[in-house]
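Novice: I would like to see how this sequence folds:
(one chain, ligands or ions: 1)
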Amino acid sequence: MRALVVEDDPDLNRQLVTALEDADYVVDTATDGEEGCFLGETEPYDIVILDLGLPQMDGLTVLEQWRRGDRKMPVIILTARDRWSDKVAGMDAGADDYLAKPFHMEELLARVRAQVRRAAGHAKSEIECGPVRLDTKSGRVTNDGQVVKLTSHEYRLVSYLMHHKGRVVSRTELVEHMYDQDFDRDSNTIEVFVGRLRKKIPANLIRTVRGLGYCLSEEDEG
Ligand code: CA
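Specialist: This is a model prediction of the structure:
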């Protein structure tokens with residue numbers, strides 16, 4: 001899963017990036033509204049954390065511009081404490097959730113997980129596919145109840161496929177959601193990670209759809 005953090009306070013920006021990276025998200029970051037706006041318009045994100053008080057272009061304007069351009073990614077806004085009018089304006093501008101500063105990082109991460117799940121159509125924090133279960137809260141994957149040991153890349157891959165189970169996901173899409181903007185992306189590496197994953201969970205769960213990508217599903221639709 002890939003996140004964008006738009007926050008001009010350098011300390012808070014760093015804390016947000018660290019917390020999200022520790023939770024195995026890949027994170028792009030911006031410290032002003034213009035840069036943040038551009039990234040949100042051009043790159044695909046699974047979640048955006050957007051501060052409202054930003055230099056160059058304020059967060060509300062950024063959000064309005066994204067929504068006008070039909071960018072649908074979930075956005076959590078950060079507002080100043082007690083500014084209820086900011087929360088109302090933010091939600092009306094198309095925010096999906098808000099957090100008032102200061103906040104606990106654990107709460108932010110829980111809200112992020114909920115938004116990512118919801119955007120992919122899941123209400124529960126556990127996603128199942130056959131014997132494989134992804135606990136989005138702990139970041140744990142089990143197969144028949146046994147914990148599957150995964151590297152960060154493998155986890156990002158299985159997490160994205162689990163969130164989008166039953167749908168064909170292209171290699172390009174996987175690359176875009178597993179790596180940040182600065183990474184030297186090579187979609188051939190996806191094949192390598194899929195190969196490794198097939199050795200850790202039942203191989204038939206991940207179907208290769210020739211020319212299109214991969215589909216994780218229970219049914220063998222041969
Ligand atoms: Ca600010």
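Novice: whichever residue of the chain sits closest to the ion in helix, strand or coil?
Specialist: Distances between the chain and the ion by C-beta to the ion are smallest at G53, namely 3.7 Å. Bear in mind the C-beta positions are built from the backbone N, C-alpha and C, glycine included. The three-state label for G53, taken from DSSP: H, G, I helix; E, B strand; the rest coil, comes out as coil.
Novice: what is the neighbour count of it?
Specialist: G53 has 17 neighbours, counted by other C-beta atoms under 10 Å.
Novice: and if you look at D11?
Specialist: Neighbour count for D11, taken as other C-beta under 10 Å: 8.
Novice: related to what we said a few turns ago, contact partners for the residue of the chain closest to the ion?
Specialist: For G53, the contact set (C-beta atoms under 8 Å, 6 or more residues apart in numbering) comprises 8, 59, 80.
Novice: backbone dihedrals for the last one, please?
Specialist: The main-chain torsion angles of A80 are listed as degrees, to the nearest 10 and equal phi -70, psi 150.
Novice: I'd assumed A100 was in contact with it.
Specialist: Yes: in this structure, A80 is within contact of A100 by C-beta atoms under 8 Å, at 7.1 Å.
Novice: ranges for the strands of this structure?
Specialist: Using DSSP state E, the strands of the chain run over 2-6, 26-30, 47-51, 75-80, 97-101, 126-129, 132-135, 140-143, 146-147, 168-169, 206-209, 213-216.
Novice: buried sites along the fourth one?
Specialist: This points to strand 75-80. Under the neighbour-count criterion of 16 or more other C-beta atoms under 10 Å, strand 75-80 has 75-79 buried.
Novice: okay, the strands of the chain in TSV with mean pLDDT next?
Specialist: Listed next are the strands of the chain as TSV, based on pLDDT from 0 to 100:
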stretch	mean pLDDT
strand 2-6	98
strand 26-30	97
strand 47-51	98
strand 75-80	94
strand 97-101	96
strand 126-129	96
strand 132-135	97
strand 140-143	97
strand 146-147	97
strand 168-169	97
strand 206-209	96
strand 213-216	96
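Novice: for this protein, which segments count as helices?
Specialist: Here the chain has its helices, by DSSP state H, at 10-22, 33-42, 59-68, 84-92, 105-119, 152-163, 171-178, 188-198.
Novice: and of the ones you listed, who's closest to L4?
Specialist: helix 33-42 (5.7 Å; C-beta to C-beta).
Novice: can you tell if that closest one touches the ion?
Specialist: No: judged by C-beta under 5 Å from the ion, helix 33-42 stays clear of the ion, getting no closer than 9.7 Å.
Novice: with just CA atoms, put that helix into PDB.
Specialist: Extracted C-alpha coordinates of helix 33-42, given in PDB (Å, rounded to 0.1, in the frame of the first residue of the first chain):
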ATOM      1  CA  GLY A  33       0.400  22.400  -0.900                       C
ATOM      2  CA  GLU A  34       1.500  22.800  -4.500                       C
ATOM      3  CA  GLU A  35       3.900  19.800  -4.400                       C
ATOM      4  CA  GLY A  36       1.300  17.700  -2.500                       C
ATOM      5  CA  CYS A  37      -1.400  18.700  -5.000                       C
ATOM      6  CA  PHE A  38       0.800  17.700  -7.900                       C
ATOM      7  CA  LEU A  39       1.700  14.300  -6.400                       C
ATOM      8  CA  GLY A  40      -2.000  13.500  -5.600                       C
ATOM      9  CA  GLU A  41      -3.000  14.400  -9.200                       C
ATOM     10  CA  THR A  42      -0.300  12.300 -10.800                       C
END
